[in-house]
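K.L.:
okay, sequence plus prediction incoming.
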Amino acid sequence: MLELHNVKKTFNKGTINEKKALQGLELTLQSEDFVTIIGGNGAGKSTMLNMIAGVYPIDEGKIILDGTDISRKPEYARAKYLGRVFQDPMKGTAAGMEIQENLALAYRRGRKRGLKWAIGKDEQVFYKEQLKALDLGLEDRMTSKVGLLSGGQRQALTLLMASLQKPQLLLLDEHTAALDPKTAAKVLALTEKIIAEHHLTAMMVTHNMKDAIRLGNRLIMMHEGRIIYDVAGEEKKNLQVSDLLAKFEQASGGEFANDRMMLA
Amino acid sequence: MSGVALAMLGAVSQGVLWGLMVLGVYITYKILDIADLTVDGSFALGGCVCAAMIANKGMNPILAILIALFAGLAAGAVTGFLHTVFDIPAILSGILTQIALWSINLRIMGGKSNVPLLKAQTIFSEVVKATGLTQSQVSLIVGLIIAALMIVFLYWLFGTEIGAALRATGNNEAMIRALGVDTRKTKMIALMLSNGLVAVSGALVCQSQKFGDINMGTGAIVIGLASIVIGEVLLGRLRSFGSRLISAVVGSVVYFLIRAIVLQLGMDANDMKLLSAVIVALALCVPVAINKWKIRSAYKEGGSDNA
């Protein structure tokens, strides 16, 4: 369903700050795969998601989604296929707009926007139901500005927004990293629920190795812009954090001190 | 009517006509979160186009306003093009268009810096003829009607799907792009709409004062910002979108009233731009200063038991 072929990206090419972020990435996802992605800082995890989303153009290679080559499509055009949740809770919602307005914006992802009223009458009922399912009491605050919500509430709302219009691929870029452990667990549970309910294909970058093992049906580890470990099914279920650490140590030549992965 | 009352009535009607310009500035400054300096140029553009069309071509005054509208839309499109296609910062794009417009405006008026419309037909002179009211009263009534129509139009527009996307562009550009909106288009629409409104305001002011002048837009952006600030202070931080649009026009009226009053008190008219700049600077400084003061006064050495 998603194919990455020899995807390359170098930032600041030809300067002293040159950074080879992706070095010939190869990846094929099956429909309804839920892939967790781990790796050290600068391994290219977020870059990979950003390249799929079209935030920056790729230098080389092909990105094919459900048979469509999207490698050279601009970000707003790819939005039709993608649901995205970012690390920063501020990034996924418009703070100065109402909860229902944010939902209505997301509901029209990939659709033509015209001169019809921004929120249809019957839509409000639908949004209320959806918010109720989040179990955060947001259904009674539909006209509150999103800026008044907490980080966890905003991430939950962003998740809902990303799945309101079923995406072909859901991209989660460390979407719980900025939350406290309790809230992070809630948002993760919600993530699982939404992915399962809508049968979504999803990619989730995380720094928490336990989560990476526990969630999803496939795990990939990245290092220096390449996928160095790719495991699925039973083998993945039986992984231990120590296995991953060993793998990581082996790949990076033992230098993984001072990395956030250790905290997990 | 006494001289003072007449001056005040004049100020109110001027404030309403300039209020359309303030609505234009509101779109870019408040909704899109861009300070668009095209405004000085596009206001004069509206006035100059209107004056040239009426004085030189004998054009119908309403048609002249429409031409001014299209000229303003085009001016906004130039700024939008520089900003969205070539990533020139919005402020610089606006300055470039504004400077270019100065020469263009002179050309439009046939090289003259001032084109009078003393005997020509204007929408105001026509209504004066038809109703027998005074020129100031007519400017006020016509201005109020047009301002009300514009507020209703903007209220509707920003309530639509496209309007919501425009508001979201100013609010969180990355997010609305991730939701499938081409933000180059939304910015372009907002800049065109804004400058179109500004040019219509310029055309109306030109017809009411009966001349078009190359310098009539100088400092318009500051008047716009000052009016928005005054409107916010007076009507509070109103929540509904419609009332915030109204407060922009009210701010403009109050601005011109303040201006008329200080002029009555004997202030030199040339100092008015200084006063406008001070009002805007104060409005921007005060909240920051209060915040800094709060942070500093919240600090207690060694902690406090009753904190």
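P.N.:
All right, it came through fine.

K.L.:
OK, contacts around A:Ala95?
P.N.:
By CB atoms under 8 Å, 6 or more residues apart in numbering or on different chains, A:Ala95 lies in contact with A:Lys145, A:Val146, A:Gly147, B:Asn171, B:Asn172. Where you see a C-beta, it was placed from the backbone N, CA and C, and this is true even at glycine.

K.L.:
which one (most neighbours) among those?
P.N.:
Counting neighbours by other CB atoms under 10 Å in any protein chain shown, A:Val146 leads those with 27 neighbours.

K.L.:
please name the nearest non-neighbouring residue to that one.
P.N.:
Using CB to CB, 6 or more residues apart in numbering or on different chains and skipping the chain neighbours, the partner closest in space to A:Val146 is A:Thr93 (4.6 Å).

K.L.:
which SS state does the one you found fall under?
P.N.:
Secondary structure, DSSP: H, G, I helix; E, B strand; the rest coil: A:Thr93 is coil.

K.L.:
okay, it and A:Leu49: tell me how far apart.
P.N.:
18 Å (CB to CB, to the nearest Å).

K.L.:
filter the contacts of A:Ala95 down to just the ones in helices.
P.N.:
B:Asn171 (DSSP state H).

K.L.:
now do the same contact list for the residue in the stretch 201-307 of chain B that chain A sits nearest to.
P.N.:
Closest to chain A within the stretch 201-307 of chain B is B:Arg239: 9.0 Å, counting by CB to the nearest CB. For B:Arg239, the contact set (CB under 8 Å, 6+ apart) is empty.

K.L.:
return the per-residue confidence for it.
P.N.:
We have a pLDDT of 70 for B:Arg239.

K.L.:
the stretch 1-150 of chain B: strands as residue ranges?
P.N.:
Along the stretch 1-150 of chain B, counting by DSSP state E, counting those that start in this stretch, strands occupy B:114-116.

K.L.:
coming back round to it: relative to B:Ile88, how far out is the residue nearest to A:Val146?
P.N.:
29 Å.

K.L.:
for A:Asp69, phi and psi?
P.N.:
phi -80, psi 110 (degrees, to the nearest 10).

K.L.:
count the residues that sit near it.
P.N.:
A:Asp69 - counted by other CB under 10 Å - has 12 other residues nearby.

K.L.:
what sits closest to residue 176 if chain neighbours are left out?
P.N.:
Because you didn't say which chain, this covers chain A. Distances taken as CB to CB, 6+ apart put A:Ala184 closest to A:Thr176, at 3.9 Å, once the chain neighbours are dropped.

K.L.:
looking at chain B here, not the other one
P.N.:
Nearest non-adjacent residue to B:Ile176 (CB to CB, 6+ apart): B:Ala168, at 4.0 Å.

K.L.:
in the stretch 151-264 of chain A, which spans are helices?
P.N.:
Assigned by DSSP state H, counting those that start in this stretch, the stretch 151-264 of chain A shows helices spanning A:151-164, A:181-198, A:209-214, A:233-237, A:241-252.

K.L.:
among those helices, show me which one is buried the most.
P.N.:
helix A:151-164 (a mean of 24; mean count of other CB atoms under 10 Å in any protein chain shown).

K.L.:
on contacts alone, who are the packing partners of it?
P.N.:
strand A:82-85, helix A:99-107, helix A:121-134, helix A:181-198 (3 or more CB pairs under 8 Å, 6 or more residues apart in numbering or on different chains; DSSP states H and E).

K.L.:
my read is the residue of the stretch 201-307 of chain B closest to chain A is in a strand, agree?
P.N.:
No - read with three-state DSSP, B:Arg239 is coil and lies in no strand.

K.L.:
what's the separation between it and A:Glu98?
P.N.:
From B:Arg239 over to A:Glu98 the distance is 10 Å, taken as CB to CB.

K.L.:
returning to what we had before: which of A:Thr93 and A:Leu49 has more neighbours?
P.N.:
Neighbours were counted for A:Thr93 and for A:Leu49 using other CB under 10 Å; A:Thr93 has more, 27 against 22.

K.L.:
the more buried one: what's it in contact with?
P.N.:
Counted by CB under 8 Å, 6+ apart, A:Thr93 has contacts A:Asn102, A:Val146, A:Arg154, A:Leu157, A:Thr158, A:Met161, B:Asn172, B:Met175.

K.L.:
check A:Gly152 too.
P.N.:
Counting by CB under 8 Å, 6+ apart, A:Gly152 touches A:Pro89, A:Leu179, A:Asp180, A:Thr183, A:Ala184, A:Lys186, A:Val187.

K.L.:
between these, which sits nearest A:Asn238?
P.N.:
Nearest to A:Asn238 out of the contacts of A:Gly152 is A:Ala184 (CB to CB; 24.7 Å).

K.L.:
look up how far A:Gly39 lies from the closest one.
P.N.:
Distance, A:Ala184 to A:Gly39, by CB to CB: 19 Å.

K.L.:
just A:Lys112 next, same as before
P.N.:
Distance from A:Lys112 to A:Gly39, by CB to CB: 38 Å.

K.L.:
likewise for B:Ile295?
P.N.:
From B:Ile295 to A:Gly39 the distance is 39 Å (CB to CB).

K.L.:
quick one, which of these two is more surrounded?
P.N.:
A:Gly39 (29 against 9).

K.L.:
just to revisit the earlier point, any chance of the helices and strands packed on helix A:151-164 in CSV, with distance to B:Ser201 too?
P.N.:
Shown next, in CSV, are those (distance: least, CB to CB, whole Å):
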stretch, distance to B:Ser201
strand A:82-85, 41
helix A:99-107, 29
helix A:121-134, 36
helix A:181-198, 48
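
K.L.:
could you redo those as CSV and give each row mean pLDDT?
P.N.:
Shown next, in CSV, are the helices and strands packed on helix A:151-164 (pLDDT from 0 to 100):
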stretch, mean pLDDT
strand A:82-85, 96
helix A:99-107, 96
helix A:121-134, 92
helix A:181-198, 93
